[in-house]
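**Student:** Below is the sequence, then the predicted model.
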Amino acid sequence: MGEGVDGVLAGLRARAAVARGSVSAAERMAYLRSLVAPFDRSSVPVMSLVDRVACDGYRRDRVELEVLPGVRFNAYVLVPAGLRGPAPAVLAVHGHGYGSRQIIGLRPDGVPDADGNDLYGRFAVRLVRKGLVVVAPDVVGFGERMTDVDRVYDPEATSSCYRLSMELLMSGYTLTGLRVAELSGVVDAMLAHPEVDPDRVGVFGHSGGSLWSLIAMALDERIKAGVLCGFANTFADSFLAVRHCACNFAPGLLAVADQPDLLALLAPRPLFLELGADDPIFPASGFRQAVDAVSKAYTDLAATDRFRTDLVPGVEHAVSGRFSFDWLAETLTS
Ligand SMILES: [Zn+2]
């Protein structure tokens, strides 16, 4: 037993709050760029077809991407059936779990998941059925992209977040930076895809996927609209209140921005924030605070009509999509 550490932490939080009160949006953008800058993207992204399957209402391509030199990984590209010409497209970003298969209705072994009612609710499939081309990459550290060390020596590990985060930290970097660099490279590849309208690209993330989507969108004006589910909050109510994965934390961020400050960087681009009202790790109280702050940012830019929110009753840490799917499709189509 001991006393005092809570006081130390409270003092540091208070000092960080004072510091970030005088940080400009430009300085916040510079901080985000510094996370991504160490990871050079390939000048010409490579996307090659691995497998093609006709599904109910859409075509499912499995592709291999190389967007950082020498780093290859897979993604699914879902294309609406009967598509003629380039279409609006969405980058679909999963969070913790077993990778891109989890958001397109497949089990980890690639067999169709008859149930599929997990926290992701097959959101990539539901988006392609709205007429959007969907690109769902495997985020590094999950599923097929776990490291060999974790696969071989730690059969209980469900991700490589911890190992990758700690090794990158030893070099002064973050796993968030690497993940966002890869997502920006995926956007490069999307824009070169013949079935994608390069002027109508959005992003849809859930949970950790929303963190990386948020930063990718902040840094990349080519992403025209975003839906961030299961994430919007304050750091004090979420990352600093309940146990969250090590991959979510970035050195010194608290003195630069709170979560609402980061979300406000997206204004005036169209933004939809969704949360389950019963989410235990991103509580509704923190969501309301974030919504108030972000709403003010959109009002200041005379863009209130571009900001939508949905606090979904009876839902925990899961995608609902009851309004956000149609909103994204209409926003990217109009
Ligand atoms: Zn993680």
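**Tutor:** Everything's here; your move. Residues are numbered from 1 along each chain as shown.

**Student:** any chance you could map the strands in the protein?
**Tutor:** In the chain, the strands defined using DSSP state E lie at 46-55, 58-68, 71-80, 87-93, 133-137, 196-206, 225-229, 271-276, 307-312.

**Student:** Off-centre distance for the fifth one?
**Tutor:** In this case it means strand 133-137. Put simply, strand 133-137 sits 13 Å off its chain's centre (C-alpha atoms, centre = their mean, to the nearest Å).

**Student:** follow-up on the earlier one: any chance of the strands of the chain in a markdown table, plus mean pLDDT and mean neighbour count?
**Tutor:** Placement of C-beta: from N, CA and C, glycine included. Formatted as a markdown table, those follow (pLDDT from 0 to 100; neighbours: other C-beta atoms under 10 Å):
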| stretch | mean pLDDT | mean neighbour count |
| --- | --- | --- |
| strand 46-55 | 96 | 12 |
| strand 58-68 | 96 | 20 |
| strand 71-80 | 97 | 21 |
| strand 87-93 | 98 | 27 |
| strand 133-137 | 98 | 28 |
| strand 196-206 | 98 | 22 |
| strand 225-229 | 98 | 28 |
| strand 271-276 | 98 | 26 |
| strand 307-312 | 98 | 20 |
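
**Student:** Switch those over to CSV; also include distance to the ion.
**Tutor:** CSV is the format used below for these (distance: least, C-beta to the ion, whole Å):
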stretch, distance to the ion
strand 46-55, 26
strand 58-68, 19
strand 71-80, 17
strand 87-93, 13
strand 133-137, 16
strand 196-206, 13
strand 225-229, 17
strand 271-276, 19
strand 307-312, 24
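
**Student:** Out of those, which gets nearest to residue 322?
**Tutor:** strand 307-312 (6.5 Å; C-beta to C-beta).

**Student:** and that closest one, which strands flank it?
**Tutor:** strand 271-276 (parallel) (DSSP bridges).

**Student:** Not counting the strand it pairs with itself, show me its contacts.
**Tutor:** 225-233, 263, 282, 284, 287, 290-291, 294, 298, 306-312, 314-321, 323-324, 327-328 (C-beta atoms under 8 Å, 6 or more residues apart in numbering).

**Student:** What's the local residue count around the residue of the stretch 1-150 of the chain found nearest the ion?
**Tutor:** Closest contact between the stretch 1-150 of the chain and the ion, by C-beta to the ion, is at residue 96 (5.6 Å). Number of residues near residue 96 (other C-beta atoms under 10 Å) recorded here: 20.
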